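Novice: turn this into a structure:
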Amino acid sequence: MDLAAKIAEDPRYREACQSCINCGVCTAICPAAVYFPYDPRQIVNEVLEGNEETLRELLSSDTIWYCGQCMSCKPRCPRGNIPGSLIQILRKVSIETGLFGQST
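Specialist: Modelled structure (predicted):
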């Protein structure tokens, strides 16, 4: 299963993370990052790398479920990316592939 392709085929993908410059503003503003081991910048990096094993681990983990979908990341990103939308995509793919069943 090509998880990277499945993620990239979502119409929201391009706007979600394609122009990321790895500045970390999304993580700095993220309320979930205060309470959970959650780093939106790291998630974007992992998705952009496209390593199938890493993506499988991410989609099977609790990490993508920590985001509260407040979308604080959207207005703060200097490049107009929306990490919260990427999380929505990852959750969708996790459910479609059945990998969500491995998270708690």
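
Novice: what sits against the closest residue to residue 62 other than its chain neighbours?
Specialist: Of all residues not flanking residue 62 in the chain, residue 103 sits nearest, at 4.8 Å (C-beta to C-beta, 6 or more residues apart in numbering). C-beta coordinates here come from the backbone N, C-alpha and C atoms, glycine included. By C-beta atoms under 8 Å, 6 or more residues apart in numbering, the contact list for residue 103 reads 60, 61, 62, 64, 65, 94.

Novice: with residue 44 instead?
Specialist: For residue 44, the contact set (C-beta under 8 Å, 6+ apart) comprises 17, 20, 22, 26, 81, 83, 86.

Novice: export those as a markdown table, with columns for distance to residue 48 and neighbour count.
Specialist: Below are those laid out as a markdown table (distance: C-beta to C-beta, whole Å; neighbours: other C-beta atoms under 10 Å):
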| residue | distance to residue 48 | neighbour count |
| --- | --- | --- |
| 17 | 6 | 24 |
| 20 | 7 | 19 |
| 22 | 9 | 9 |
| 26 | 13 | 25 |
| 81 | 11 | 25 |
| 83 | 11 | 27 |
| 86 | 10 | 27 |
